[in-house]
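Chemist: below is the structure, and that's it, no one-letter string:
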Ligand SMILES: Cc1ncc(COP(=O)(O)O)c(C=O)c1O
């Protein structure tokens, strides 16, 4: 995941310094050097690969285990198995615990029996199946919108929808904490781009008042619940601004569907707002809906445009039967079993309150499904995650550039499946391990200084 890198520049510079110190003197040779005669097809020569190599080398030099791409043996729920050991799991966003629920799994298996595992072509050319239309009808009903469209990836949904809807005469304004898929879509669109300070609607208003008249269409993008910080936007204020300045409003509900509102319908339910006031509802099926893919809900004309112009819909395979049916069944369970939403919300509150009591810095979190524990230094975040894993708690470190410099953190995804005892155990161990690292003065700079002295 390119979002989650160790503080690259500091490590790169320090590693280069160490590498230069220990490099043997070059041996003179009559043969042409690699530099004089480079192999232009060698991937190793790419700067992208060099970044990875240096990071690996630095992690090795600093004695930090790579926390990425850890293999899990089996389905991850409140617990997961890593290296044959059961650990508490805070790194999966199966918020309502629906992944693997027998009735959802059985529905997916039945669908495979009827339709197979793939629809083997794009929907415009190879045709639709009833499950596509049924899932879209259910999603449209949820947001009280005229129509919906499902894509095979949540990330591609944002990239393609934003990318295709806007053009060079338009302006897109998005929250500074927006997800990579939003930012990538904005870049692809060719529209003028502006970010407003995170959740600062005065800043958004300033941009609108200064710039609105210079553009044809304006799109404002916010998230229902921010994935790195766990806080929410003021939807009423966003709607008021978009109406006053004649802009479209898009809300990415990736982390708020199933999480916010009494019955999990998301941000509009939580803030008692008519969902029809939002122009573009976007969401993913990889989180609460225990599947994979993304969706857009809105006016029929918007959906028609996307059906014909969104390249990752038009030129990509349709959603497969097991994924579509699992998402549809998950949506049904979410609505029929509101206790799951209630349990998730009470778990989120418990974790936030008790983490604060334990002296942990939970940043902006509102205490729903995402609670960060901010530790500042990137290397400290990675080391803390490794130490926690050794003690049976799996939480993923998020470092710069995914979050601002010096705001590296461990991100805890809370689900309805966690017990309060598990939440408390994770908090106690985190507070204890963090205190140890602080007492040792463990940080990127202290480690580098130690290595350079030793080297
Ligand atoms: C806010 C947000 N939008 C979009 C996506 C992309 O969704 P997916 O992972 O289902 O492709 C994510 C992924 O985590 C996300 O956090």
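Modeler: Arrived safely, thanks for sending. Everything numeric here is computed off the predicted structure, so don't read it as measured data.

Chemist: just for the stretch 1-150 of the chain, where's the confidence low?
Modeler: Counting by pLDDT under 70, the stretch 1-150 of the chain has low-confidence residues at 1-36.

Chemist: residue in it nearest to the ligand?
Modeler: Residue nearest to the ligand within the stretch 1-150 of the chain: residue 93 (7.1 Å; Cβ to the nearest ligand atom). Bear in mind the C-beta positions are built from the backbone N, C-alpha and C, glycine included.

Chemist: for the residue of the stretch 301-450 of the chain found nearest the ligand, which non-adjacent residue is closest in space?
Modeler: Here the stretch 301-450 of the chain gets closest to the ligand at one residue, residue 370, 9.4 Å apart by Cβ to the nearest ligand atom. Among residues not flanking residue 370 along the chain, residue 230 sits closest, at 3.4 Å (Cβ to Cβ, 6 or more residues apart in numbering).

Chemist: next, count neighbours for the one you found.
Modeler: Each residue near residue 230 was counted by other Cβ atoms under 10 Å, and the total is 26.

Chemist: hmm, residue 163 is touching residue 183, no?
Modeler: No - look at residue 163 against residue 183 with Cβ atoms under 8 Å: they stay out of range, at 11.1 Å.

Chemist: who has more neighbours out of these two?
Modeler: residue 163 (22 against 18).

Chemist: circling back: pull the contacting residues for the residue of the stretch 1-150 of the chain closest to the ligand.
Modeler: With contact set as Cβ atoms under 8 Å, 6 or more residues apart in numbering, residue 93 has these partners: 255, 286-288, 369, 413, 415.

Chemist: please redo it, this time with the cut-off set to 10 Å
Modeler: Neighbouring residues of residue 93 by Cβ atoms under 10 Å, 6 or more residues apart in numbering: 99, 227, 254-255, 258-259, 284, 286-288, 369-370, 413-415.

Chemist: so the residue of the stretch 301-450 of the chain closest to the ligand makes contact with residue 259?
Modeler: Yes - the pair residue 370 / residue 259 is scored as a contact, 8.8 Å apart, by Cβ atoms under 10 Å.

Chemist: intersection of neighbour lists for the two?
Modeler: 93, 95, 225, 230, 348, 414.

Chemist: for the stretch 101-250 of the chain, what spans make up the helices?
Modeler: Along the stretch 101-250 of the chain, the stretches classed as helices by DSSP state H, counting those that start in this stretch are 102-115, 123-126, 130-142, 154-165, 180-189, 201-211, 235-244.

Chemist: now the ones you listed as a markdown table including distance to residue 66?
Modeler: Below are the helices of the stretch 101-250 of the chain laid out as a markdown table (distance: least, Cβ to Cβ, whole Å):
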| stretch | distance to residue 66 |
| --- | --- |
| helix 102-115 | 32 |
| helix 123-126 | 40 |
| helix 130-142 | 38 |
| helix 154-165 | 23 |
| helix 180-189 | 21 |
| helix 201-211 | 38 |
| helix 235-244 | 39 |
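
Chemist: return the most buried member of these.
Modeler: Mean neighbour count (mean count of other Cβ atoms under 10 Å) peaks for helix 154-165 among the helices of the stretch 101-250 of the chain, with a mean of 25.

Chemist: so it versus helix 180-189, what angle?
Modeler: Here helix 154-165 runs at an angle of 30 degrees relative to helix 180-189 (axes from the mean of the first three to the mean of the last three Cα atoms, to 10 degrees).

Chemist: show me how far helix 154-165 is from its chain's centre.
Modeler: 15 Å (Cα atoms, centre = their mean, to the nearest Å).

Chemist: that one near the ligand at all?
Modeler: Yes - against the ligand, helix 154-165 shows contacts by Cβ under 6 Å from any ligand atom at 154-155, 158.

Chemist: can you put those in JSON lines and add pLDDT?
Modeler: Listed next are the residues of helix 154-165 next to the ligand as JSON lines, based on pLDDT from 0 to 100:
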{"residue": "154", "pLDDT": "98"}
{"residue": "155", "pLDDT": "98"}
{"residue": "158", "pLDDT": "98"}
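
Chemist: now, among these, which is nearest to the ligand?
Modeler: After measuring these against the ligand - Cβ to the nearest ligand atom - the closest member comes out as residue 154, at 2.5 Å.
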